[in-house]
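Quick check, what structure comes out for this input:
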Amino acid sequence: MLPVMDNPPPKRPAATNTLRAYAQDWAHFTRWCRMRGADPLPPSGALIALYVADLAAPQGKAPTLSVTSIERRLSGLAWGYAKRGLRLDRAHRDIAARLADLRREQRRAPARKQAIRPEDIHAMIATLPHDLRGLRDRAILLIGFAGGLRRSEIVGLDLGRDDTVAQRGWVEIGNDGIRIALRDRTGWREVAIPRSPTEQTCPVHALGQWMHYGRIGPGPLFVAVSRDGRRATGRRLSDKHIARLVKRTVADAGLRPDLPRADRVRAYSGQSLRAGATRGDHPARISDN
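Model (predicted):
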């Protein structure tokens, strides 16, 4: 049994959203206790260690939580006990040992990035503005998804073929769609992206809009936009831009609402655009030379 807190020290009042989250954490824990015939009062390190284990490997359709999310849940439990004049010792040996085990497991087996599906990419591009940056980022997402491209391949594309050793890839737009040539360790490969019947989600249309309004000429295809947002510069984007773009649009589109925001953003990366290729979600026709 954990000790009773007779005179808890005064604390700063928490923000409304934080208090609401803490109340939800406490309600979840007490419901979990009722379902197992356990009493949440007074605090028990052994019981809470079992709760932590269940959050990390839940039964049924409940989402699996990371250690970071579990620690936030424990903050909610500490708040719930404090409201009842009790103290939760988060350093209790059973709780600390369980959290330490989970940290080791999650370091050994990093979570596979969530694959983006067609309906996801539609929701993501809908969050983008219709300014120059929005046109560029819309083309990046649609081409990266349709072609199953790595983020380094996306930012490495040039407009037009240039037979130089340094060129990493190039793009041509034809009547049927986009032809992309990519250099990798085994040589060159080609990716063909057809036109889509719906203009709003067509990668070929999106690329044409970006090239037209960005006045993109021979050289890097995806470049930075000036601070005032009125012109495209000649500076090639970093592949980190792709990762940030995916995470931002995933959050703005509200994908995976079952996860806390931090876990939701962590579940996706630039690799997510390519991850769906193994599931057959990409419309591109890929051929090797």
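
Which residue ranges make up each domain of the chain?
The chain resolves into domains spanning 16-108, 118-288 when parsed by automatic domain parsing.

Can you redo those domains as JSON lines, where the extra columns are mean neighbour count and mean pLDDT?
Bear in mind the C-beta positions are built from the backbone N, C-alpha and C, glycine included. As requested, the domains of the chain are arranged in JSON lines below (neighbours: other C-beta atoms under 10 Å; pLDDT from 0 to 100):
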{"stretch": "domain 16-108", "mean neighbour count": "16", "mean pLDDT": "89"}
{"stretch": "domain 118-288", "mean neighbour count": "17", "mean pLDDT": "84"}
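
Figure out how far the helix ranked longest in the chain is from the centre of its chain.
Identified as the longest helix of the chain according to DSSP state H is helix 16-35. Here helix 16-35 shows a centroid-to-chain-centroid distance of 26 Å under the convention C-alpha atoms, centre = their mean, to the nearest Å.

Let's see the helix or strand that that helix is followed by as PDB, backbone CA atoms only.
Helices and strands here follow DSSP states H and E; after helix 16-35, the next one along the chain is helix 45-56. The C-alpha coordinates for helix 45-56 follow below in PDB (Å, rounded to 0.1, in the frame of the first residue of the first chain):
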ATOM      1  CA  GLY A  45       1.900  -0.200  -6.900                       C
ATOM      2  CA  ALA A  46       1.300  -3.800  -8.000                       C
ATOM      3  CA  LEU A  47      -2.100  -2.900  -9.400                       C
ATOM      4  CA  ILE A  48      -0.900   0.100 -11.300                       C
ATOM      5  CA  ALA A  49       2.000  -1.900 -12.700                       C
ATOM      6  CA  LEU A  50      -0.600  -4.300 -14.100                       C
ATOM      7  CA  TYR A  51      -2.500  -1.400 -15.600                       C
ATOM      8  CA  VAL A  52       0.700  -0.100 -17.200                       C
ATOM      9  CA  ALA A  53       1.300  -3.500 -18.800                       C
ATOM     10  CA  ASP A  54      -2.200  -3.600 -20.100                       C
ATOM     11  CA  LEU A  55      -1.800  -0.100 -21.700                       C
ATOM     12  CA  ALA A  56       1.300  -1.300 -23.500                       C
END
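
which residues sit against helix 45-56?
Helix 45-56 is contacted from outside by 2, 29, 32-33, 38, 40, 64-65, 67, 69-70, 73-74, 77, 88-89, 92-95, 97-99, 102, using C-beta atoms under 8 Å, 6 or more residues apart in numbering.
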